[in-house]
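Asker: Okay, sequence plus prediction incoming.
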Amino acid sequence: MIETRKKKEFLLDFMEDLEEKASKKGSYQVPFLEKTLEFMDRPDEPEILLPPYLDSDKKIAVNAFSFDDENSVLDLYVVNYNFEQNEDDLLDISMSSISEIANKAKRFITNHKLLIETLDRSLQSFDLAKLIGEEWDNISEVNIFVITNQYYSSNKPVEVKIPGIETVNVQVWDLNRVQQLILAEQGIETDYIDFEKDFNETFEMILVPDPRSEIKDFDCYVGYISAELLAKAYDEWGQKLVERNVRSFLQARGGTNKGIRDTLKDPIQRNMFVVYNNGISTVARTADIEKIENGANTYKIKGLSGWQIVNGGQTTASIHNAYKEGIELKDVYVQAKLTILQKNEFTTHDQHLLEDEIVSRISQYANTQNKINKSDLLANTRFMSDLEKFSRNIWIPVTDGRRPESKWYFERARGQYMVDISRRKRGKEQTAFKKQYPKDYVLTKVDIAKHFISWEGYPQVSSKGGEGAFKKFMDLNKSFWKSDDGNQTKITLSIYQKLIARSIIFLRVQEIVGNMEIKGYKANVNYYTTAMLNELYGTKIDLLTVWESQNLSDKWDDVIRTIADRTLLFLRQSAGDKNVTQWAKQEGCWSEYKNTCSHELKNLI
């Protein structure tokens, strides 16, 4: 009952924000996709197809794509938006429907040769078909993301096979998954798992000695857990066990996961699993632990509250997959580490911040088998915390004699703004909060990063996506968050104001470009236009003046339009036979753009 009520409240908040954006764009699919993408943390920024590709007769559909040329991974996104979804019914979607939607994206790939011949060459969907054709021999993995505003309650993995592609993964992003991710980011989940009662099995671990005695922030245990118990726990609790895992994809069909499955299938290799596998690293808030008499510092783990598998999500999902296939797991064990946070009178840290810091460090250091997103790992630095504090305390200036009423809202953790709203009562409390922190003034850490580095002359990095942009942003601001001698440089008010000013400029560029009749590559045009504006006219634009007026003077509007037009023309022409989106990510693209276009654009004002 409580869970249903939370779902309804979340859906209302989610849809309220979506309605505002849809009314401006005249479409629900695009803003819904954009909103969901904010939570997905893919290594390459998806190119949203405008218009999306849809062939109802051939049952083909794609809404967005990206290609990681370094790892030869193609991502396709397909949106399922049900206009009948509402808080009274909470509509579900079946596994067969998810499979049908995923196959629409698959058919784009299997029909790419025909599409190259028939599609209008000016369409982004043509570029996608051409990219697939050019990279066909190199593509090693395809990820199909089904984005739906319904609830995929069964949460069963969906199988799709594409001839010639070794690994095909289907990942479902429904409203429930977005809600769970937001709750996990805020440290809200506190579910208790009773191993002894629910699964009739416990596991034993050894407490690692710590000389700090009473003032320590955590206890650390090492040992092993039976693969069958781990599989049963995951079968019961599913995604909740891995929400804090920085790897967003946990299905069991990648190369590493196939190796795990093959090991478990082989009766001889199965008993060597604990030797071959790196195991799991986990955290919990509280534990029901019993000291084992005559044991060498050994304890029985009977139950855990807020248990999270921080590293080893791939291992867990693979073991669960084997369990569901009926593979014998008897006498298979997984080495495990368990960190339990301690609350004591000497602890001065905020408990959630302490947990975030420990989780981030475990994620960073415990396992390097797969790529880890730095944006999540660095979100808890002093630098990011200071930005958050400034945004909660600094009022937006007004020029008409009234008192300030609003502030910018920096979202350090994903979904933080929605959680802050949901903590307030509907009606006056939420209205007052939204007045103080308007939705149009919410900036995520990736937003801040892209706006900053685009202005500073790195549009090619912004074009690579949020992960690359955030890393570059942190590198450029390293003096504020990392210091070898321990004397960290502090962020001042003017530094914060100039940071927001860069976002104000970028958002103005984005607004102008959005109103222009530009078909495709708007994100790249935004990044390159912003960079060129600063390259040619940065000395004439005072960032503190932009902050004080909360706007870029309209005298720059025509300049921005001219630069944007030239940017799009340059990107298309200079790409030649190359894919425009991939070309925009190259250092050579930005260098050539400056060399080719600076002269004709430098005297616009």
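Answerer: Received, thanks.
Asker: So Y299, which state does it fall into?
Answerer: strand (DSSP: H, G, I helix; E, B strand; the rest coil).
Asker: Test of understanding: give the bridge partners of the closest residue to it other than its chain neighbours.
Answerer: Once flanking residues are discounted, Y299 sits nearest to I289: 4.9 Å by Cβ to Cβ, 6 or more residues apart in numbering. (Glycine included, C-beta is placed from N, CA and C.) I289 has these beta-bridge partners by DSSP bridges: I301.
Asker: Report the contact partners of I289.
Answerer: Neighbouring residues of I289 by Cβ atoms under 8 Å, 6 or more residues apart in numbering: Y299, K300, I301, K302.
Asker: Now do the last one against S503, distance only.
Answerer: To tie it back to what came earlier, the one meant is K302. 50 Å (Cβ to Cβ, to the nearest Å).
Asker: what do you get for the third one?
Answerer: Distance of I301 to S503, given as Cβ to Cβ: 47 Å.
Asker: So which of these two has more stuff around it?
Answerer: I301 (23 against 20; other Cβ atoms under 10 Å).
Asker: Compile the contacts of I289 into CSV and extend it with columns for distance to L181.
Answerer: Listed next are these as CSV, based on distance: Cβ to Cβ, whole Å:
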residue, distance to L181
Y299, 32
K300, 33
I301, 27
K302, 29
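Asker: Just the closest of these to S591, please.
Answerer: Of all those, S591 sits closest to I301, with 57.1 Å by Cβ to Cβ.
Asker: you'd agree the closest one is up against I340?
Answerer: No: taking contacts as Cβ atoms under 8 Å, I301 lies outside contact range of I340: 9.7 Å.
Asker: Common neighbours of those two, please.
Answerer: With Cβ under 8 Å, 6+ apart as the test, I301 and I340 both reach Y221, A287.
Asker: hang on, the earlier thing: model confidence score at the residue nearest to Y299, please.
Answerer: pLDDT, I289: 91.
Asker: Could you do R253 as well?
Answerer: 46.
Asker: Next: M1.
Answerer: For M1, the pLDDT comes out at 51.
Asker: Check D577 too.
Answerer: pLDDT, read off for D577, is 82.
Asker: Give me the three-state assignment for it.
Answerer: With three-state DSSP as the criterion, D577 reads coil.
Asker: can you list the domain ranges for the chain.
Answerer: Following automatic domain parsing, the chain resolves into domains at 2-180, 186-372, 384-601.
Asker: end-to-end on the longest one?
Answerer: Its start and end residues considered, domain 384-601 measures 36 Å (Cα to Cα, to the nearest Å).
Asker: So for stretch 425-435, what gets flagged as buried?
Answerer: Q430, F433 (16 or more other Cβ atoms under 10 Å).
Asker: Let me know the helix or strand that I193 is in.
Answerer: I193 is part of strand 192-194, with elements assigned from DSSP states H and E.
Asker: Would you mark the buried spots in the helix or strand just after that strand?
Answerer: Where DSSP H and E defines the elements, the next helix or strand beyond strand 192-194 is helix 195-199. The neighbour-count check on helix 195-199 (16+ other Cβ under 10 Å) flags F195, F199 as buried.
Asker: which strands and helices sit next to helix 195-199?
Answerer: In this structure, helix 195-199 packs against helix 227-237, strand 298-305, with contacts taken as 3 or more Cβ pairs under 8 Å, 6 or more residues apart in numbering; DSSP states H and E.
Asker: go again using 10 Å as the cut-off
Answerer: helix 227-237, strand 286-291, strand 298-305 (3 or more Cβ pairs under 10 Å, 6 or more residues apart in numbering; DSSP states H and E).
Asker: could I get these as CSV with distance to V525?
Answerer: Listed next are the helices and strands packed on helix 195-199 as CSV, based on distance: least, Cβ to Cβ, whole Å:
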stretch, distance to V525
helix 227-237, 44
strand 286-291, 51
strand 298-305, 49
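Asker: Residue most distant from the centroid, this protein?
Answerer: For the chain, the C-alpha farthest from the mean C-alpha position belongs to N294; by Cα atoms, centre = their mean, that distance is 47.3 Å.
Asker: Doesn't that one belong to a strand?
Answerer: No: according to three-state DSSP, N294 belongs to no strand; its state is coil.
Asker: Can you name the residues that contact it?
Answerer: Residues near N294 by Cβ atoms under 10 Å, 6 or more residues apart in numbering: none.
Asker: what does the one 5 residues further on give?
Answerer: If a contact means Cβ under 10 Å, 6+ apart, then Y299 has 202-207, 219, 221, 223, 287, 289-292, 338 as its contacts.
Asker: how about the strands in the stretch 151-300 of the chain?
Answerer: Here the stretch 151-300 of the chain has its strands, by DSSP state E, counting those that start in this stretch, at 167-173, 192-194, 203-207, 218-226, 280-284, 286-291, 298-305.
Asker: helices or strands next to the third one in the packing?
Answerer: Under the contact criterion of 3+ Cβ pairs under 10 Å, 6+ apart, the helices and strands touching strand 203-207 comprise strand 218-226, strand 286-291, strand 298-305, strand 333-341.
Asker: In terms of mean pLDDT, which of the domains of the chain ranks lowest?
Answerer: When I compare these, domain 186-372 is least confident, with a mean of 74.
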